[in-house]
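Visitor: fold the following, please.
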Amino acid sequence: MQDHQPKPSRRGFFFGTVATGAAAAAVVALPRISSQVAAEAAVPEARPAPEKGGGYVLSEHVKHYYKTTRV
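Guide: Residues are numbered from 1 along each chain as shown. Below you'll find the model as predicted:
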């Protein structure tokens, strides 16, 4: 009796490569997603709008935006 092992196919190779890449991407993305969810849960309540204008507040979000727009 012969033990016949099938030859590896290109389709199987690519399927394995894609599955490995997807798993690696999930491992990298999961800590970021969980930290974002925790950060969103810690957001304080919004302040009421001022009656006479002047509602600009230099918040952490605005500071982050300014950092991303630097050239």
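Visitor: in the protein, which spans are helices?
Guide: 10-41, 60-68 (DSSP state H).
Visitor: could those go into CSV alongside mean pLDDT, distance to residue 52 and mean neighbour count?
Guide: C-beta coordinates here come from the backbone N, C-alpha and C atoms, glycine included. Listed next are those as CSV, based on pLDDT from 0 to 100; distance: least, Cβ to Cβ, whole Å; neighbours: other Cβ atoms under 10 Å:
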stretch, mean pLDDT, distance to residue 52, mean neighbour count
helix 10-41, 76, 31, 10
helix 60-68, 92, 21, 9
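Visitor: any chance of the ones you listed in a markdown table, plus distance to residue 47?
Guide: Output for these, formatted as a markdown table (distance: least, Cβ to Cβ, whole Å):
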| stretch | distance to residue 47 |
| --- | --- |
| helix 10-41 | 18 |
| helix 60-68 | 13 |
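Visitor: right, and those helices - which one's nearest residue 48?
Guide: helix 60-68 (18.0 Å; Cβ to Cβ).
Visitor: packing partners of that closest one?
Guide: Applying 3 or more Cβ pairs under 8 Å, 6 or more residues apart in numbering; DSSP states H and E, one finds that helix 60-68 contacts no other helix or strand.
Visitor: hey, C-alpha coordinates of that helix in PDB?
Guide: C-alpha atoms of helix 60-68 as PDB (Å, rounded to 0.1, in the frame of the first residue of the first chain):
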ATOM      1  CA  GLU A  60      -6.700  67.600  23.200                       C
ATOM      2  CA  HIS A  61      -8.600  66.800  19.900                       C
ATOM      3  CA  VAL A  62      -7.800  70.300  18.500                       C
ATOM      4  CA  LYS A  63      -4.100  70.000  19.600                       C
ATOM      5  CA  HIS A  64      -3.800  66.600  17.900                       C
ATOM      6  CA  TYR A  65      -5.300  68.100  14.700                       C
ATOM      7  CA  TYR A  66      -2.800  70.900  14.800                       C
ATOM      8  CA  LYS A  67       0.100  68.400  15.200                       C
ATOM      9  CA  THR A  68      -1.100  66.500  12.200                       C
END
